Each structure stands twice: as structure tokens, then as C-alpha cells.
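Asks: need coordinates for the below:
(2 chains)
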Amino acid sequence: MVWLGRPAHRQNGAVWGDEALGSAQREADLARLIEGVARGERAALQALYDATAPKLLGIILRILKDRAAAEDTLQEVFVRIWQRSGSYDPLAGAPLPWLIAIARHRAIDRLRQDRSARLTQAEDGWFERLADTSDGEADLARRDALAQCLDQVAMPQRDCLVLAYCEGWSREELATRFDRPVNTIKTWLRRGLLSLRTCLETP
Amino acid sequence: MSGSGIPPDWQDDPDLAAGEYVLGTLSPDERAAFAEALEARADLRSAVAAWEARLAPLAATIPAVAPDPALWTAIAARIRPAAGAAVDADAVPAHPVAAGDRIVRLERRVRRWRMTAATAAALAAGLALWIAAGGTAALREPPHYLAVVDRGGTLPALIVRVDLRAGVVQVRSLAAETPPERSLELWYIDAGAAPQSLGLVPGETARLPIPAALRTRTETATFAVTVEPKGGAPDGKPTGPAIYSGRLIRD
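Replies: Predicted coordinates:
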């Protein structure tokens, strides 16, 4: 006989004292799963997939805009995680940024290969999302700091950073949108990054 | 482009090139060269990791999108266990298991496990529930043992085995964490009837007798694990939230 089990609908985080478990605990769980993947444990990859695939698909879809291409890319991302999980170094950084980086790089690589014109629609609502603390997924302190520091980046530069990071816009696409030469965009991106780094590194 | 992999404009501050690499705004040539330079230079890798960490909260706020359920199947078909890798739970048990026995790792079946508060709670709880039940084959064959596979400390398991021949439910808690001052209690619920307690989920291993009603109704009973006050539900009725529930069916 087979147990066809699933967590009950009433699965309730509160009874486990979830409020006391911050992102550090979640990050530790993800890191352990990645270690399991590195040992070749398929179950660890599946648990990692269940925990992070929707988030990563959202991020990829924001860049690619095409559902089929995004799911295709997500598949590549997890195959890559399977092959490359040994390269994850817990000392070098938290697991979620590592996973997000793999997903974004794959999405951007695919985007750049696809020469066809795409619908470039401006990102909006990012500030509200960053400021919305009811979504407890990201490390709140880091998120808060990023929101504040992005807010201090001068205007066209900030838009360039967010459009590039969240939507995968290239310099050329940004140049078209802001009706400026590509070199100006390069300068804006550089100044924007510098401003962001200075703000985030200032205690 | 210089031989260092750093675009010329960033020679004075390679960290900003790392920032643009993370943003994805380097030109294709610059991007390829930078990626190559990354392989050789630890300082660039840590600069990239720092930018990834700085910007990740922005990506993390992008709303999640549930993938097509078929996507995992496609991924699973493309991955193979590495040679010498730890034995996978549902691949090869350490001991022979009758054909009628199955181990189903619950969390694998759960599409619900998403990057949500519930997921975080589930991960935090670290509770995975396995159940196996001896089918008709088990009546003729010697007792079977289930493989317990270490998963590198992740997602500790609770194993429940319904052994009809021996008339016991074996419950083995590997590392399932019981909330402080609480107990986990295992129940079975016959269709339309009140839940019957099978006993508390032990700290380690316990053999609980199978109630007579369950012996004949294994195929229709639903099982559940609930969180109860320490010592179990006071009136023999579940009071706390069910962490897991599931059903036994004939294989």
C-alpha cells in the first residue's frame, strides 16, 4: 500500500514558532539543500526546486516576458544548479543571491541571444515592493537598506539600474528609452552603481 | 578590451565592472571577457558576490510564479545521480523491500511547497513524513526494513510504517523537531468517523499497536499528524493544527 500523503491544508507556521525563525534560518536550510545537491542527492534538488522555483520563475519571467522561454530557462537553471552546486561557497555569500544570480544570468544570456525586438515596458512598483515589509522573504535589513539607498540615487540613473536589474534592459535599450547616446547610459549606470555602493557601505 | 578581462573604462575601479556584470549591462564582448576573468580572479568573484547580495532584495520582491507541474519532470529526466553519491531515498533502499512496499517521500508530492510563509514554516519545521505499509506480499514474507537515508542534515524525517502482519504501526522520528512544550500525535480517521489516536510521535522509535478497526480499514483511513499539548490531546480529540495528512491505498 502506498501512502498518498500531503501536508494538511491547515499547515500552520505559527505553531512552529516561525516568527522566531528569521531569514537566517531559511538561508541555512537552503544552504544545506545546496550541499545535498552537491553530493548528488536528487531529493535535495527537488526540495530546492520546490522551495525556490516559483521565485526564480518570477524573476526570469520579468526579464524574458515569455512564459515558455522563461520555463525553458528555469529548466536550464536547475540543470545547471545540479551540475554546478559544488561551486557554491557558503562563505562567499548567502544561497538565495547565488540562486538568483544563476537565474538572472541565464535569462539575460537568452535575452541577448534573441535579437528580435521585444516589448520593453517600464518597470514600476519596485519601490512599493521593497517597502512592503509584509512579504517576509527577503532579509528585511538588507531590503530596507537597498530601498533607502536606491531612493538616494539620482533619477535617470536609478531607473537605469532598476530596469537593467529587474527587466534585463541593455544599454542600447536604455539609450532608446531615455533618448541618449549609449555612452551617456554607461556613465549613468556607473554613477548609479557608485552612488549605491557608497550609500550601502556607509554605516 | 584589455587582457585582464576588465573593460578599459573600469580599470580604475573593477568593482563597478562587477556591478555592471551583475546588472547584465556589459556588452556581449565585455560580458564574455569578464566571465572568463572571473574564473581566474578571486577578487572579482567576491566583488560580483557582493553586488549580487546588495541587489538580491530587489529581485526577491518580484512576485513568484508557479511553474507548470510538468517542468520538474523534465528536469528530473535530465539529471542523474552522481557516481558514488549518497543513496537516494526513493531509489534504492539499503535493505530489500517487497514489491508491495512503497516509500513515498511526501514532500516530493507537494506542489504546495512554494516560496511562501508556509514553505518557510515547513522548511523550518524540518519535518518530512514517510509512510510505508506492508501490502499483501508482506503477509507471506519476512518483515521488511526501510532504508533511512541521511540527507546531509536537511529536512529530517519521520517514518511511519504500517505493518499489518505484526499488527503494529512503527513510528520513527529521525530528527523531527517537536515545538517546545508540545507533542506530535498520530491519528487515523475512518471515513465519516471521529479521529482515533494512534499515539504520540516519539522522540525516537516506537511501536504502536494497530487498532482493530484500522486493520480492516487501512484502505479508507486517512492519517494525520497534529500538534498537541505536551502529553497528547487531552480529550482524545485532536486540538492542534494538522501538519501532515495522507491516505493509504492499495498499490
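Asks: mind saving the C-alpha coords of the strand or helix carrying A:T176 as CSV?
Replies: Using DSSP states H and E, A:T176 falls within helix A:171-178. What follows is helix A:171-178, C-alpha atoms only, in CSV (Å, rounded to 0.1, in the frame of the first residue of the first chain):
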residue,chain,number,x,y,z
ARG,A,171,22.5,49.8,-22.6
GLU,A,172,21.1,50.2,-26.1
GLU,A,173,17.5,49.7,-24.9
LEU,A,174,18.1,52.2,-22.1
ALA,A,175,19.6,54.6,-24.6
THR,A,176,16.5,54.4,-26.8
ARG,A,177,14.2,54.8,-23.9
PHE,A,178,15.9,57.8,-22.5
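Asks: how about that helix and chain B, any contact?
Replies: Yes: for helix A:171-178, a contact with chain B is found by CB under 8 Å from any CB of the partner chain, at A:171, A:174. For glycine as for every other residue, the C-beta is placed from the backbone atoms N, C-alpha and C.
Asks: how close does the nearest residue to B:P57 once chain neighbours are set aside get to A:A154?
Replies: Excluding its sequence neighbours, the residue lying closest to B:P57 (CB to CB, 6 or more residues apart in numbering or on different chains) is A:R143, at 3.9 Å. To A:A154, A:R143 is 21 Å away according to CB to CB, to the nearest Å.
Asks: swap in A:R110?
Replies: For A:R110, the distance to A:A154 - CB to CB - is 31 Å.
Asks: which one of those two has more residues nearby?
Replies: A:R110 (19 against 11; other CB atoms under 10 Å in any protein chain shown).
Asks: how close does the residue nearest the centre of chain A get to A:A47?
Replies: Residue closest to the average C-alpha location in chain A (CA atoms, centre = their mean): A:I100, at 3.9 Å. From A:I100 across to A:A47, the span is 18 Å (CB to CB).
Asks: what do you get for A:G168?
Replies: Going from A:G168 to A:A47 by CB to CB gives 28 Å.
Asks: who are the packing partners of the helix or strand the residue nearest to B:P57 falls within?
Replies: Per DSSP H and E: A:R143 is located in helix A:140-152. Applying 3 or more CB pairs under 8 Å, 6 or more residues apart in numbering or on different chains; DSSP states H and E, we find helix A:140-152 packed against helix A:126-131, helix A:155-167, helix A:182-201, helix B:42-60.
Asks: repeat that with 10 Å
Replies: For helix A:140-152, the packing partners by 3 or more CB pairs under 10 Å, 6 or more residues apart in numbering or on different chains; DSSP states H and E come out as helix A:23-38, helix A:126-131, helix A:155-167, helix A:182-201, helix B:42-60.
Asks: the spatially closest residue to B:L186 that is not a sequence neighbour and chain A, how far apart?
Replies: Spatial nearest neighbour of B:L186, chain neighbours left out: B:L198 (4.4 Å); criterion: CB to CB, 6+ apart. Counting by CB to the nearest CB, to the nearest Å, the gap between B:L198 and chain A amounts to 14 Å.
Asks: name the SS class of B:L198, please.
Replies: Put simply, B:L198 is strand when judged by DSSP: H, G, I helix; E, B strand; the rest coil.
Asks: cool, B:V65 as well?
Replies: coil.
Asks: gap between it and B:A53?
Replies: To B:A53, B:V65 is 23 Å away according to CB to CB.
Asks: look at these two and report which has more neighbours.
Replies: The residue with more neighbours, out of B:V65 and B:A53, is B:A53; 22 against 19, by other CB under 10 Å.
Asks: my guess is A:R84 contacts A:L45. True?
Replies: No: the criterion here is CB atoms under 10 Å, and A:R84 misses it with A:L45 at 11.9 Å.
Asks: neighbour count: the two, which is higher?
Replies: Between A:R84 and A:L45, A:L45 has the larger neighbour count (other CB under 10 Å), namely 23 against 12.
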